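Visitor: model the following, please.
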Amino acid sequence: VLELLRAVQRGSEDRKRSLGRLRWALQNKETQQKFVRLDGSIRTLIGIFTSSLADMQMEAARCLHELSHSSDPAVAEACLPVTSYLLTYLSGHSVEFMELCLYTLGNLVVESEAVRKQLLPQGIIPVLASCIQSPHEAVLEGLGYVLSQLLQAKEAPTEIIPLVLDSVLPQHMLRLVCSGLKAGIGAAVEFAWCLHYIVCSHTANAALLSLGALPALTSLLLDLASEIPQDAPEGLELLVCPVLRCLSNLLAEETGCKVQIQDERLLIALFLILQCFLQQHPFIVQECLWLLNNLTADEPFFCSALLSLDLLPALLQLLPCSQMASVLVLTVLCNIAEKGPAYCQQLHRQPALPLLLPTLALPDPEVVGQCLELLHLLFLHWPEAAADFVTQGGHRALEQHQSTPELQERAQALLDMVGQPLGASAFRPCHTTLSAFS
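Guide: A predicted model of the protein is given here:
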């Protein structure tokens, strides 16, 4: 390591080759740690990085980039003297050089709070706000990476997001996310995650709503769904996921949002997305169901639309997908049943009860508990469902849970209801809007 540094410092004709060898060596964690401990090592790299020789600059930038990959905060903090130069070079240089600077910054931001605290007064947010108007996809994607790392920092809600909201970044992020299908999907994915982190901070939803985030993201989801039957671009699921989360969390946080997006096409889009990604990308199923739950909680419009569009059979088919999918499907059904007799009557007409019997036999208390909540609502609002349930052997399915501590009280209450369908409820409704993953 010392020999490589000396070769670089000598400034011989082979300096570029020595830098290339150093870059290769710096891919090793121990070498990174040894290098930053050598006297003058970072200073030497900065000297070359800030020189007027473009090819040398690029090699030095690649060495700094390798250092930025270190998971050791001490290595990131050794790079503190370079942050101001990295910011300076985000204007007026080649696309490749700017891209390298951006990813180096993003990596340093991940590992070190000291780096983040230094970058803020150095003006990283105004610099990124200037860069976001770049026409180059590679620059925008790198910028999105830096911003997403900043927004995930523990101090982001108080120290970083307010600066972002005071800049032009949010409106451009929204624009780039919504033009993802026409421009580059990579940048759209990064900025969609940025929006998600802002929403999850619980500090900026009013600002995003004032920019039209809700109708814009809803429209984007409709566009994404319309691409699926034809020639969906590779990696489309990577954009769908944060867009679904943004919408889910906005709906969970803000009252009145559902009124703004009362468009039944959104339900059709969700089920198209579900159908497309069910086999290859099953994690999307959970994301769609989170959003579907938050749309139907306390909102008759989407409950009615789900029934009138005959989407219930498709929803019931998702019951066995996974433990979380089962819970969410049952929660959506509870949202519908909670709306009253007319809704429960329609649920009863569908083949819901036969599918609930095997669900009651599952060993998962959370799934069974949610199933019991649904049965309670059905029996309460539509007693005919209780009679059919008994006919299909439901009585025995309930009896098996009388010895399960967390379920026995609810199971017994349902057994009482089956005997007296119009009896008083022994349940506490548990429908709720759910925040998606942060």
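Visitor: now for whatever helix or strand Ile46 lives in, which elements pack on it?
Guide: Assigned by DSSP states H and E, Ile46 belongs to helix 41-49. Where contact means 3 or more C-beta pairs under 8 Å, 6 or more residues apart in numbering; DSSP states H and E, helix 41-49 is packed against helix 2-10, helix 54-68. Every residue, glycine included, has its C-beta placed from N, CA and C.
Visitor: TSV for those, including mean neighbour count, distance to Leu306 and mean pLDDT?
Guide: Conversion of these to TSV gives the following (neighbours: other C-beta atoms under 10 Å; distance: least, C-beta to C-beta, whole Å; pLDDT from 0 to 100):
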stretch	mean neighbour count	distance to Leu306	mean pLDDT
helix 2-10	16	64	67
helix 54-68	21	48	92
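Visitor: could you give the angle of the helix holding Ile46 to helix 54-68?
Guide: 150 degrees (axes from the mean of the first three to the mean of the last three C-alpha atoms, to 10 degrees).
Visitor: how far out from the middle of the chain is helix 41-49?
Guide: 38 Å (C-alpha atoms, centre = their mean, to the nearest Å).
Visitor: list the buried residues for it?
Guide: For helix 41-49, a neighbour-count test (16 or more other C-beta atoms under 10 Å) marks Ser41, Ile42, Thr44, Leu45, Ile46, Ile48, Phe49 as buried.
Visitor: thought Phe35 was touching the first one, still the case?
Guide: Yes. Applying C-beta atoms under 8 Å as the test, Ser41 and Phe35 come out as touching, 5.3 Å apart.
Visitor: circling back: now what about the helix holding Ile46, what contacts it?
Guide: With C-beta atoms under 8 Å, 6 or more residues apart in numbering as the test, helix 41-49 has contacts from 5, 8-9, 15, 19, 35-36, 56-57, 59-61, 63-64, 78-79, 81-82, 85.
Visitor: which residues does Glu119 contact?
Guide: Quick fix: residue 119 is Leu, not Glu. Thr83, Leu87, Leu105, Val109.
Visitor: could you rerun that using 6 Å?
Guide: Thr83 (C-beta atoms under 6 Å, 6 or more residues apart in numbering).
Visitor: and it, what pLDDT?
Guide: We note a pLDDT of 96 for Leu119 in this prediction.
Visitor: how about the contacts made by Gln370?
Guide: Counting by C-beta under 6 Å, 6+ apart, Gln370 has contacts Val327, Leu330.
Visitor: mind checking how far Pro320 is from Leu374?
Guide: Separation of Pro320 from Leu374 (C-beta to C-beta, to the nearest Å) stands at 16 Å.
Visitor: of the two, who's got more company?
Guide: Comparing Pro320 with Leu374 by other C-beta atoms under 10 Å, the one with more neighbours is Leu374, at 24 against 13.
Visitor: test my guess that the more buried one contacts Asn335.
Guide: No. With contact defined as C-beta atoms under 6 Å, Leu374 does not reach Asn335; the gap is 9.9 Å.
Visitor: count the residues that sit near Pro201.
Guide: No Pro there; residue 201 is Ser. Counted with other C-beta under 10 Å, Ser201 comes out at 17.
Visitor: what's it sitting at in phi/psi?
Guide: phi -70, psi -20 (degrees, to the nearest 10).
Visitor: which pLDDT value belongs to it?
Guide: At Ser201, the predicted lDDT confidence score is 88.
Visitor: ok, now which ones touch it?
Guide: Pro157, Ile161.
Visitor: what's next to stretch 215-227, contact-wise?
Guide: By C-beta under 6 Å, 6+ apart, stretch 215-227 touches Leu174, Cys178, Val240, Val243, Cys246, Leu247, Ile261, Arg265, Ala269, Leu272, Ile273.
Visitor: cool, and stretch 387-397?
Guide: With contact meaning C-beta under 6 Å, 6+ apart, stretch 387-397 is reached by Leu353, Leu357, Leu360, Val418.
Visitor: now, which of the residues you listed sits nearest Ala114?
Guide: Of all those, Leu360 has the smallest distance to Ala114: 54.9 Å, by C-beta to C-beta.
Visitor: look up how far Cys334 lies from the closest one.
Guide: From Leu360 to Cys334 the distance is 15 Å (C-beta to C-beta).
Visitor: Phe35 sits in which helix or strand?
Guide: Assigned by DSSP H and E, Phe35 falls in helix 29-37.
Visitor: sorry, that was for Leu86
Guide: Going by DSSP H and E, Leu86 is in helix 83-88.
Visitor: with Leu330 instead?
Guide: helix 323-337.
Visitor: what sits up against stretch 331-343?
Guide: 292-293, 296-297, 300, 303, 344, 347, 373-374, 377-378, 381-382, 431.
Visitor: in that stretch, which residues are buried?
Guide: Of all the residues in stretch 331-343, those buried under the rule 16+ other C-beta under 10 Å are Thr331, Val332, Leu333, Cys334, Asn335, Ile336, Ala337, Glu338, Lys339, Tyr343.
Visitor: quick one on the thing from earlier: measure how far the helix or strand following the helix holding Leu330 is from the centre of its chain, please.
Guide: Toward the C-terminus, helix 323-337 is succeeded by helix 341-349 as the next helix or strand (DSSP H and E). In terms of C-alpha atoms, centre = their mean, the centre of helix 341-349 is set 34 Å apart from its chain centre.
Visitor: just the CA atoms of helix 341-349, as CSV, please.
Guide: In CSV, the C-alpha atoms belonging to helix 341-349 read as follows (Å, rounded to 0.1, in the frame of the first residue of the first chain):
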residue,chain,number,x,y,z
PRO,A,341,-76.2,-5.4,5.6
ALA,A,342,-76.2,-4.6,1.9
TYR,A,343,-72.4,-5.2,1.7
CYS,A,344,-72.6,-8.3,3.8
GLN,A,345,-75.3,-9.7,1.6
GLN,A,346,-73.1,-9.3,-1.5
LEU,A,347,-70.2,-10.9,0.3
HIS,A,348,-72.5,-13.8,1.2
ARG,A,349,-73.5,-14.2,-2.4
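Visitor: and the next helix or strand past that helix?
Guide: Trace forward from helix 341-349 with DSSP H and E and the next one is helix 352-360.
Visitor: what average pLDDT does that following helix get?
Guide: On average, helix 352-360 scores 86.
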